[in-house]
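Participant: below is the sequence, then the predicted model.
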Amino acid sequence: MGFQQQLRRNSLNPTLGAASPTSFYDGRLDYSAWTTNLDLRRAFQTSIPLDASAGAEYRRETYAIEPGEVASYVDGGSPILDGPNKGKPL
């Protein structure tokens, strides 16, 4: 039942250039896990010690990603401003 939702502050999407917001909702992550098991053991009295055991386990996990506002992931197409990749898209 994990749940994480955050408003990112003091961040930006560099592909939006100067138009990038500095705070935006970046989405939601949801994770849950449920496990149950059964273990059985029995000792038998024979001429040699004998133990029998069996077990079973069931596990269920779910994971979901909900996108945030568009500004948190969109490719704005703003080119790199300097360095060896100047002019290329981010």
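Facilitator: Good, I have the coordinates.
Participant: every contact and neighbour count from this point should use C-alpha atoms.
Facilitator: OK.
Participant: C-terminal to the strand ranked longest in the chain, what's the next element?
Facilitator: Counting residues, the longest strand found in the chain (DSSP state E) is strand 24-44. Following strand 24-44 in sequence order, the next helix or strand is strand 50-66 (DSSP states H and E).
Participant: dump the C-alpha coordinates for that following strand into CSV.
Facilitator: C-alpha atoms of strand 50-66 as CSV (Å, rounded to 0.1, in the frame of the first residue of the first chain):
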residue,chain,number,x,y,z
LEU,A,50,12.4,-39.6,9.0
ASP,A,51,10.9,-36.1,8.6
ALA,A,52,8.5,-35.1,5.9
SER,A,53,7.8,-31.5,5.0
ALA,A,54,5.9,-29.5,2.4
GLY,A,55,5.1,-25.9,1.8
ALA,A,56,3.3,-23.5,-0.4
GLU,A,57,3.4,-19.8,-0.8
TYR,A,58,1.3,-17.3,-2.7
ARG,A,59,2.5,-13.8,-3.5
ARG,A,60,0.7,-10.9,-5.2
GLU,A,61,2.4,-7.7,-6.2
THR,A,62,1.0,-4.7,-8.0
TYR,A,63,2.8,-1.6,-9.3
ALA,A,64,1.3,1.4,-11.1
ILE,A,65,2.7,4.6,-12.4
GLU,A,66,0.5,7.6,-12.9
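Participant: strands paired with it, and their directions?
Facilitator: Using DSSP bridges, the strands paired with strand 50-66 in its sheet are strand 24-44 (antiparallel).
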